[in-house]
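>>> Give me a model of this one.
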Amino acid sequence: MASAPSQSLETFPNPQPERDYTIRIRVPEFSCLCPKTGQPDFAELTLEYVPEAACVELKSLKLYVWSYRDEGAFHEAVTNRILADLVVATEPRFMRLTADFNVRGGIYTTVVAEHRAKDWRAPAPVTLP
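Now for the predicted structure:
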């Protein structure tokens, strides 16, 4: 059975909800269309999050990202929309999405969007000798 793009994001229960830990996901083949010219825009997405009760399921994330391939979107808008959809699906303690777009017309664009749960505070960094 062939896969198809989908706007649906599936989740699974966080296996360690009592612990703050970071999940990092790199998506090197994101693409959408420039809303002005219709030409393709390519980016590498980096998702970093501290889960609460749920984690995003990777195949559904792949199909979700694929759904943008034929959609026109400004870099800032698409980055924030993806973050918002992931926050709704997973309700994380913290989430950051970095979209590093390839050069277009001699200009590189990187958009970073973040979400923090209302009562969550990042733990103090640990410095080892």
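
>>> C-alpha from now on. contacts and neighbour counts both.
Noted.

>>> Pull the distance from the helix ranked longest in the chain to the chain's centre.
Counting residues, the longest helix in the chain under DSSP state H turns out to be helix 75-90. Helix 75-90 has its C-alpha centroid displaced from the chain centroid by 7 Å (CA atoms, centre = their mean, to the nearest Å).

>>> following it, which helix or strand comes up?
strand 94-104 (DSSP states H and E).

>>> who does that next one pair up with?
Strands that pair with strand 94-104, judged by DSSP bridges, come out as strand 40-50 (antiparallel), strand 107-116 (antiparallel).

>>> thinking again about what came up before, report the inter-axis angle for the longest helix of the chain versus strand 107-116.
Per axes from the mean of the first three to the mean of the last three CA atoms, to 10 degrees, the angle that helix 75-90 makes with strand 107-116 is 30 degrees.

>>> by contact count, what packs against helix 75-90?
With contacts defined as 3 or more CA pairs under 8 Å, 6 or more residues apart in numbering; DSSP states H and E, helix 75-90 has these neighbours: strand 54-56, strand 94-104, strand 107-116.

>>> Good, wrapping up.
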